[in-house]
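Colleague: Sequence unavailable; structure follows:
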Ligand SMILES: O=c1ccn([C@@H]2O[C@H](COP(=O)(O)O)[C@@H](O)[C@H]2O)c(=O)[nH]1
């Protein structure tokens, strides 16, 4: 998917919501546990109930890898289900990969070719040759951690490196990498006060913004400082939507939570 197609979807659906599919078997409704693939059944119900309210789904691979081969199969069924039934949706494998070049190429093949995700999250710590293998894929997107939503972000990301905060060095340096047009960045919703500085460096790049909902980030604040003229925001909420209820009405309640965010987004887009 191109960024232009993603932007068109944002305007059509009046939404820049990304729903995180972080399936924890201890939190899903118990009636699903007797099905053959509880993770997939849960995701399918959430996706069917919310696809018109969001432009993206983001399974975090940790929640699938934790269940071994079965978890990976649930992930594969989930991405295939989205691609077959809702091909307009932008898919994100939140895997936070990155390694020496030849290993990164294999990670990229796994997520872009085998699983056919539109994008994958990567860590910047190993530098250019660890990220460029992901960027080489046409119409696929590499979402690099810039300033994360957690408290530990202050351990390294905001530290001064040669007169500049490290997250700024990450943004500035990566802009010059080969196929940098395929880069997006992760910036936590809990760091809204940093968005103005970030937009000075990457005014038009898409930012994936986790941290609204369970982590307490503010949609309004993020949009105030982080929305570019082409929107270029994907606001993620996972637990706040998918665990709205653990009863038989879980998909309906997830829709209600997604609708609240989508309606807020529609108002922001209309301003
Ligand atoms: O800085 C980051 C980067 C990634 N995440 C991931 O996003 C979701 C957030 O889930 P919530 O339940 O809405 O808190 C989850 O997969 C994280 O691993 C992040 O939170 N912050």
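Modeller: The structure has been received and is ready for your questions. Computed from a predicted structure; not experimentally measured.

Colleague: Quick check, residue 63 in contact with residue 78.
Modeller: No - counting by Cβ atoms under 8 Å, residue 63 stays clear of residue 78, with 10.6 Å between them. For every residue, glycine as well, the C-beta is placed using N, CA and C.

Colleague: More neighbours: which of the two?
Modeller: residue 78 (25 against 20; other Cβ atoms under 10 Å).

Colleague: How about residues contacting the host helix or strand of that one?
Modeller: Here residue 78 sits within helix 68-85, counting by DSSP states H and E. The contact list for helix 68-85, computed with Cβ atoms under 8 Å, 6 or more residues apart in numbering, reads 21, 23, 37, 39-40, 43-44, 47, 51, 57, 59, 61, 63-65, 67, 89, 91, 93, 115-117.

Colleague: Now, these that are in helices?
Modeller: Here DSSP state H is the test, and these give 39-40, 43-44, 47, 63-65 as lying in helices.

Colleague: need those residues in JSON lines with distance to residue 175 and pLDDT, can you?
Modeller: Below are these laid out as JSON lines (distance: Cβ to Cβ, whole Å; pLDDT from 0 to 100):
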{"residue": "39", "distance to residue 175": "37", "pLDDT": "98"}
{"residue": "40", "distance to residue 175": "39", "pLDDT": "98"}
{"residue": "43", "distance to residue 175": "35", "pLDDT": "98"}
{"residue": "44", "distance to residue 175": "39", "pLDDT": "98"}
{"residue": "47", "distance to residue 175": "34", "pLDDT": "98"}
{"residue": "63", "distance to residue 175": "32", "pLDDT": "98"}
{"residue": "64", "distance to residue 175": "32", "pLDDT": "98"}
{"residue": "65", "distance to residue 175": "31", "pLDDT": "98"}
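
Colleague: related to what we said a few turns ago, mind listing what's buried along the helix holding residue 78?
Modeller: Buried residues in helix 68-85, counted by 16 or more other Cβ atoms under 10 Å: 71, 74-75, 77-79, 81-82.

Colleague: do it and the ligand meet?
Modeller: No - on the criterion Cβ under 6 Å from any ligand atom, helix 68-85 is out of touch with the ligand, staying 13.3 Å away.

Colleague: now stretch 113-121
Modeller: No - Stretch 113-121 stays clear of the ligand (Cβ under 6 Å from any ligand atom), getting no nearer than 7.0 Å.

Colleague: Span of that stretch from start to end?
Modeller: 15 Å (Cα to Cα, to the nearest Å).

Colleague: Stretch 207-218 too?
Modeller: Distance between the two ends of stretch 207-218: 15 Å, counting by Cα to Cα.

Colleague: for that stretch, the distance to its chain's centre please.
Modeller: Centroid separation for stretch 207-218 versus its chain: 11 Å, with Cα atoms, centre = their mean, to the nearest Å.

Colleague: can you list contacts of that stretch?
Modeller: By Cβ under 8 Å, 6+ apart, stretch 207-218 touches 18, 20, 58, 92, 121, 143, 146, 149, 184-192, 195, 198, 219, 222, 226, 232-241, 257, 261.

Colleague: Inside helices: which ones of these?
Modeller: 195, 198, 219, 222, 226, 239-241, 257, 261.
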